[in-house]
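[1] Provide a 3D model corresponding to the input given below.
(2 chains, ligands or ions: 1)
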Amino acid sequence: MNRIHQKLQEDKKILSIYFTAGYPSLNDTVKIIQDLEKNGVDMIEIGLPFSDPLADGPTIQASSTQALKNGMTTALLFQQLKDIRKSVSIPLIVMGYFNPVLQYGVEKFCKECQEIGIDGLILPDLPLDVYQENYETIFKKYGLVNVFLITPQTSDARIRQIDTASDGFIYMVSSASVTGSQDGFGNNQETYFERIADMKLKNPQVVGFGINNSETFLQATKQAKGAIIGSAFIKFLTQHGVDKIGDFVKGIRK
Amino acid sequence: MNYNVDEKGYYGEFGGAFIPEMLYPNVENLRQQYLKIMAEPSFKKEFDQLLKDYVGRPSPLYFAKRLSEKYNTKVYLKREDLNHTGAHKVNNTIGQILMAKRLGKSRIIAETGAGQHGVATATVCALMGMECIVYMGEIDIARQAPNVARMKMLGAEVRPAKSGSRTLKDATNEAIRDWINNPVDTHYIIGSAIGPHPYPDMVTRFQSIISEEIKWQLKEKEGRENPDYVVACIGGGSNAAGTFYHFLHEKEVGIIAVEAAGLGVDSGESAATSVLGKMGIIHGCKTLLMQTTDGQITEPYSISAGLDYPGVGPMHAHLYKTGRAEFIAVTDDEAMQAGMVLSKLEGIIPAIESSHAFAILETRKFQPEEVVVFNLSGRGDKDLDTYIKYFKL
Ligand SMILES: Cc1ncc(COP(=O)(O)O)c(C=O)c1O
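    Numbers count the residues shown, from 1 in each chain, chains lettered A, B, ... in the order given. Predicted coordinates for the structure are as follows:
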């Protein structure tokens, strides 16, 4: 069974952390992953940096630009992760944009992910129909869970469609926004969280975008199975470097 | 061979809508509505009326006698430079603002490089009393000051794109982010035949008025609707798409697309996407684009800000791949000289983008009896600074 499925069956709320590979320094990747696991994080999204990250706000974009300047590439990331399964057992997901994957070769990319022990992919600009038509069989062949996004604007019909196409969890974007663009959740989000909970989807939901402290983590996971923190963690790394990752995680899960 | 978009939004293998789910409701709604709305009699009437009374269409098809003598062929100029705001861009912004109104949107966003599309968007927003926000790379804001001032006078807010390379590609990223953040009230007026389906097709249809007019105008002047060649410069490809549209399936019409070679195709400072590009995804569309082997989008270079885009519209990628169009790359120097030739011989100072198209007359030989229609996509007022510096005027 895929590690993502296993993790989702545990009777707890999932804390998932996103970071950009190659940031702050080129070779921080493995240390960040290990420290996150050590401090009780349940799942990790490893960001493959892209020059033009459309769905990301300034924080993640700046970290991607820096990571590329530092010299991060797809091949190098795979090289860094080569032995990661010797020390890390929580689910690992690669999150990135579709073009670098396409240039690497979709099948080659998926194959190497499987060899490393990557459990899933999140590619926000790979749309559902293109995935189903061209890539689903390849992803499945290499045991990769593909994660789709929904937003408050996504219609019920489309959510059902995405639920059917998903086999893992649904990434619930908390509001109409790019990453890192808001502070706290209001009534709109509460209504949206409830609406989704009431739909009784087959896949559990993990909320992302706008979670930056223990309060927003609790709010987001009242109904949903888990939550993903990205920009707030990147900001923390920018300010404190990679040596105090435990402090960050403890601040979220008090 | 079909050169138009298919029902799935592709031109051959190019096109599609590679967008994050956040954009799906808006793009999908547009996809479902755009052809219906464009076919509505009230839409057509308003669009035609504005093109006539406000833009000043039809734009003349002018026989360039002295240019024809110099190059020993029959050169016609399609005078998009005479449009209100000085370029073809306004054909599209008029169409899209009417579309936005019918979609119930009240806030308009746009990206701009040289500022021509930004000005054309700010203009139609002023006309319709709509809020207008234009994203422009920080570097472009500095080098296109007059157009920034124009947009402000027209009531638009110009927001600097400070990320990445701070030029057109980044302004486009910022506009897309704005749309993600404002999904309900906002319409994004893309300025070229790029972006996710249905944008390339919608923009092409709005610009296709150019070739529609060429047909009847040429019939009047030459007794035939089809020229031997149509020629246009390509940034993202909107003026070219409009110029080619009604000739795509006319086999006897040669299609020539002119790209910016910058300092030279192999110089590392170029925007000749058909030569340097590889299939990939940029701004929601699968097309040819300039990128590293790792799939990171690279920065193009051209002396003309309007041709400084690392991709090319999917229709043109298809025309290139199928060999339907001939692609020629023209350097900064060749374009600047061509701009001077047109000024001296015909009394028309062209936009540097358009100058790229004329520059092929130096190297691409045409027969004396052949009719070659060039799209003169814009006027050179905005480029005077560049001309002054280049020629030390
Ligand atoms: C006068 C003129 N011509 C051509 C272009 C290039 O754009 P496109 O390829 O979409 O026609 C521009 C863009 O700013 C322009 O201002």
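
[2] Pull up the residues of the stretch 51-200 of chain B that are close to chain A.
    Contacts of the stretch 51-200 of chain B with chain A, taken as Cβ under 8 Å from any Cβ of the partner chain, map to B:Ser163, B:Gly164, B:Lys169, B:Asp170, B:Asn173, B:Ile176, B:Arg177, B:Ile180, B:Asn181, B:Asn182, B:Pro183, B:Val184. Yep, even glycine has a C-beta here, placed from its N, CA and C like the rest.

[3] closest to A:Val147 among those?
    The nearest member of those to A:Val147, counting by Cβ to Cβ, is B:Ile180 at 18.1 Å.

[4] which residues touch the strand or helix carrying the closest one?
    Here B:Ile180 sits within helix B:168-181, counting by DSSP states H and E. Identification of contacts with helix B:168-181 by Cβ atoms under 8 Å, 6 or more residues apart in numbering or on different chains yields A:52-55, A:57, A:176-178, A:181, B:20, B:22-23, B:26, B:109-113, B:133, B:135-137, B:140, B:159, B:161-164, B:186, B:188, B:190, B:282-284, B:297, B:299, B:305, B:308-310.

[5] circling back: ok, the residues of the stretch 51-200 of chain B next to chain A vs the ligand, which is closest?
    Set against the ligand, the nearest of these by Cβ to the nearest ligand atom is B:Lys169 (13.4 Å).

[6] if I pick the residue nearest to A:Lys38 when sequence neighbours are not counted, what's in contact with it?
    For A:Lys38, ignoring the flanking residues on the chain, the nearest one in space by Cβ to Cβ, 6 or more residues apart in numbering or on different chains is A:Gly246 at 7.4 Å. A:Gly246 makes contacts with A:Asp35, A:Lys38, A:Asn39, as judged by Cβ under 8 Å, 6+ apart.

[7] ok, those residues vs chain B, which is closest?
    Comparing the contacts of A:Gly246 against chain B with Cβ to the nearest Cβ places A:Asp35 closest, at 27.0 Å.

[8] Any buried residues in the helix or strand encompassing that closest one, and which?
    Take DSSP H and E as the rule and A:Asp35 turns out to sit in helix A:29-38. Neighbour-count burial for helix A:29-38 flags A:Thr29, A:Val30, A:Ile32, A:Ile33, A:Asp35, A:Leu36, A:Glu37 (criterion: 16 or more other Cβ atoms under 10 Å in any protein chain shown).

[9] what about the nearest residue to the third one once chain neighbours are set aside, distance to the ligand?
    Pointing back at A:Ile32 there. Nearest in space to A:Ile32, with sequence neighbours left out and distances taken as Cβ to Cβ, 6+ apart, is A:Phe19 at 5.4 Å. Distance, A:Phe19 to the ligand, using Cβ to the nearest ligand atom, to the nearest Å: 38 Å.

[10] What about A:Phe19, how many residues nearby?
    Look at A:Phe19: counted by other Cβ atoms under 10 Å in any protein chain shown, it has 28 neighbours.

[11] is it in a bridge, and if so with what?
    Here A:Phe19 sits in beta bridges with A:Ile46, as judged by DSSP bridges.

[12] Hmm, A:Gly47 and it touching each other?
    Yes - with contact defined as Cβ atoms under 8 Å, A:Phe19 counts as touching A:Gly47 (6.2 Å).

[13] Common neighbours of these two, please.
    Common neighbours of A:Phe19 and A:Gly47, counting by Cβ under 8 Å, 6+ apart, are A:Gly230.

[14] With only the CA atoms kept, save the helix holding A:Asp35 in PDB.
    What follows is helix A:29-38, C-alpha atoms only, in PDB (Å, rounded to 0.1, in the frame of the first residue of the first chain):
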ATOM      1  CA  THR A  29      17.000  19.100   0.900                       C
ATOM      2  CA  VAL A  30      17.700  16.000   2.800                       C
ATOM      3  CA  LYS A  31      18.300  17.700   6.100                       C
ATOM      4  CA  ILE A  32      15.000  19.600   5.900                       C
ATOM      5  CA  ILE A  33      13.100  16.300   5.100                       C
ATOM      6  CA  GLN A  34      14.800  14.500   8.000                       C
ATOM      7  CA  ASP A  35      14.200  17.200  10.500                       C
ATOM      8  CA  LEU A  36      10.600  17.600   9.600                       C
ATOM      9  CA  GLU A  37      10.000  13.900  10.100                       C
ATOM     10  CA  LYS A  38      11.900  13.900  13.400                       C
END
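
[15] and it, what other elements does it pack with?
    strand A:14-20, strand A:43-47, helix A:74-81, helix A:245-252 (3 or more Cβ pairs under 8 Å, 6 or more residues apart in numbering or on different chains; DSSP states H and E).

[16] Could you check the angle that helix makes with helix A:74-81?
    Here the directions of helix A:29-38 and helix A:74-81 differ by 50 degrees (axes from the mean of the first three to the mean of the last three Cα atoms, to 10 degrees).

[17] and stretch B:93-100, average pLDDT?
    Mean pLDDT, computed over stretch B:93-100, is 98.

[18] mind listing what's buried in the host helix or strand of A:Ile159?
    Using DSSP H and E, A:Ile159 sits within helix A:156-165. Of the residues in helix A:156-165, A:Arg158, A:Ile159, A:Gln161, A:Ile162, A:Asp163, A:Ala165 count as buried by neighbour count, 16+ other Cβ under 10 Å.

[19] Same question for stretch B:113-128.
    Residues of stretch B:113-128 classed as buried: B:113-125 (neighbour count, 16+ other Cβ under 10 Å).

[20] Take those residues and write them to JSON lines, including distance to the ligand.
    Listed next are the buried residues of stretch B:113-128 as JSON lines, based on distance: Cβ to the nearest ligand atom, whole Å:
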{"residue": "B:Gly113", "distance to the ligand": "6"}
{"residue": "B:Ala114", "distance to the ligand": "5"}
{"residue": "B:Gly115", "distance to the ligand": "8"}
{"residue": "B:Gln116", "distance to the ligand": "3"}
{"residue": "B:His117", "distance to the ligand": "6"}
{"residue": "B:Gly118", "distance to the ligand": "9"}
{"residue": "B:Val119", "distance to the ligand": "9"}
{"residue": "B:Ala120", "distance to the ligand": "9"}
{"residue": "B:Thr121", "distance to the ligand": "12"}
{"residue": "B:Ala122", "distance to the ligand": "14"}
{"residue": "B:Thr123", "distance to the ligand": "14"}
{"residue": "B:Val124", "distance to the ligand": "16"}
{"residue": "B:Cys125", "distance to the ligand": "18"}
